[in-house]
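A.B. asks: one predicted model, sequence on top.
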Amino acid sequence: MDIRTVLPAAAEAAIEIVHGIPADKLDAPTPCPDWDVRAAFNHLMFWTRRGECAAAKQAPDDVPEEHDFTAEAGWADRFAEQARRTVKAWSDPAAWEGDTSLTGSSPGMPATVIGGMIFGEFVVHGWDLAAATGQRAGFPEDVVRAAYEGTAAIAEMARQYEAFGAEVPVPADAPLLDRTLGLAGRDPHWTP
């Protein structure tokens with residue numbers, strides 16, 4: 001499946017989830033043991049910003065990864081604006097050509113890999129935030145299918161680089177989102 005066609009829907013689903021985060025849940029735990037909701041959101045916002053720069057093949061801004069975006073007024077609206085800018089940047093066919101980098105380092109990686117990573121951030125961390133705040137992750141079926149295909153293709157490598165945790169066994173007949181989450185090291189039945 002072509003990630004380009006489903007990236008906007010993945011972003012919109014993540015935007016809806018972020019808008020549904022209650023301010024009093026920012027310190028709640030998430031499926032990522034080292035992160036609360038605030039840290040998971042900040043991670044998603046940071047890499048979404050970096051994703052826009054990567055699409056344009058520009059060096060990222062100097063906002064540090066430790067920046068607390070939730071300390072700024074209207075952080076959910078700011079995420080929506082940023083996610084839509086990032087999607088727009090990746091709508092340019094040139095964004096998917098050659099190599100690019102999320103960190104600004106050379107030579108980077110194939111742009112198709114980076115675009116896929118941004119897509120995966122919307123889905124996996126969107127689900128993390130939804131699960132942590134009692135929301136339903138409303139990803140369309142084609143987004144989930146693309147997420148499964150992409151996650152299955154990189155799962156072993158992602159575990160080697162500690163981007164994913166250990167695979168969580170999920171039955172072969174489980175919903176596709178559950179199988180995607182299991183590959184990404186998430187327990188799809190996790191609750192706070």
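C.D. replies: Perfect, thanks for sending it.
A.B. asks: report the contact partners of residue 169.
C.D. replies: residue 182 (CB atoms under 8 Å, 6 or more residues apart in numbering). Any C-beta I mention is one placed from the backbone N, CA and C, and that applies to glycine too.
A.B. asks: residue boundaries of the strands in this structure?
C.D. replies: Taking DSSP state E as the criterion, the chain carries its strands at 99-100, 109-110.
A.B. asks: mean pLDDT for those strands: which is lowest?
C.D. replies: Lowest mean pLDDT within the strands of the chain: strand 109-110, at a mean of 94.
A.B. asks: ok, that one: who's next to it in the sheet?
C.D. replies: Partner strands for strand 109-110, per DSSP bridges, with pairing direction: strand 99-100 (antiparallel).
A.B. asks: ok, now which ones touch residue 107?
C.D. replies: Contact analysis of residue 107 by CB under 8 Å, 6+ apart lists 99, 101.
A.B. asks: one step back: need the winner for burial among the strands of the chain.
C.D. replies: strand 99-100 (a mean of 20; mean count of other CB atoms under 10 Å).
A.B. asks: gap between the residue of the chain most remote from its centre and residue 139?
C.D. replies: The C-alpha centroid of the chain is most remote from residue 173, which lies 24.7 Å away (CA atoms, centre = their mean). Residue 173 sits at a distance of 19 Å from residue 139 (criterion: CB to CB, to the nearest Å).
A.B. asks: and if you look at residue 31?
C.D. replies: Taken as CB to CB, the span from residue 31 to residue 139 is 16 Å.
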